[in-house]
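Student: Sequence and predicted structure below; questions after.
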Amino acid sequence: DDVKAVIGCEGVMTIEHVDDSFSDLEPLLKKAADEAADHLLAMREVEGANIERDFSHRLEIIEQLTEALESFAPDIVRSHREKILKSIEDLLSSDEIDKSLIIQEAAMYADKVDYTEEITRLRSHIDQFRKIMTESVPVGRKLDFLIQEMNREVNTAASKANSAEASHTAVDIKSEIEKPREQVQNIE
């Protein structure tokens, strides 16, 4: 407040000529703005390259875990089918029951634990994710959608498998899928 009072006193400060023209500053401001934009773009390109490398690494891990999950499927289906057939055979001590119909139903039920279709879709989503990463347009929403779809396929596979080993692998896959989710939320 003391400074304002002193400056406000007559004769302390006088303005002889005010140049309202900023024409000499315009080239400097334009140059500074262009340099700032160039630096911003360069930073975004470096950050984008780092994110792309991280995504590629995560996708490789997801693919390896998906192969492991897929390798369990034949044994899970076979084991499930054998258990069902054994239970049915035990129940079918009477000749009055249509054995072929029951065995057919059991086989259909055993096929419900087969999650190879979900594995195929998961692999397709991984391939689409890689393809979309190379696009030069905003891809954040597309990648976010694919992450949701990947999670859905893993969840379905795990529930169909009804196996501790498959469930543990599915949890590992989901953990890897979640890692890029936050990054995807932050990109265009």
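Tutor: Nice, I can see it.
Student: how about low-confidence regions in this protein?
Tutor: 1-3, 6-9, 11-22, 91-97, 99, 101, 110-111 (pLDDT under 70).
Student: By residue count, what's the longest helix in it?
Tutor: helix 26-91 (DSSP state H).
Student: ok, Leu146 to Met43 distance?
Tutor: Using Cβ to Cβ, to the nearest Å, Leu146 is found at 26 Å from Met43. Glycine gets a C-beta too; all of them are placed from N, C-alpha and C.
Student: let me redo that: His80
Tutor: From His80 across to Met43, the span is 53 Å (Cβ to Cβ).
Student: Comparing these two, which residue is more hemmed in?
Tutor: More neighbours surround His80 than the other of His80 and Met43, with 21 against 10 (other Cβ atoms under 10 Å).
Student: Which residue is the nearest non-sequential neighbour of the residue nearest the centre of the chain?
Tutor: Taking Cα atoms, centre = their mean, the centroid of the chain lies closest to Ile147, which sits 3.3 Å from it. Distances taken as Cβ to Cβ, 6 or more residues apart in numbering place Arg181 nearest to Ile147, at 5.3 Å, with adjacent residues excluded.
Student: From the contact counts, what lies against whichever helix or strand the one you found is part of?
Tutor: For Arg181, the host element (DSSP states H and E) is helix 164-185. Judged by 3 or more Cβ pairs under 8 Å, 6 or more residues apart in numbering; DSSP states H and E, the packing partners of helix 164-185 are helix 26-91, helix 140-161.
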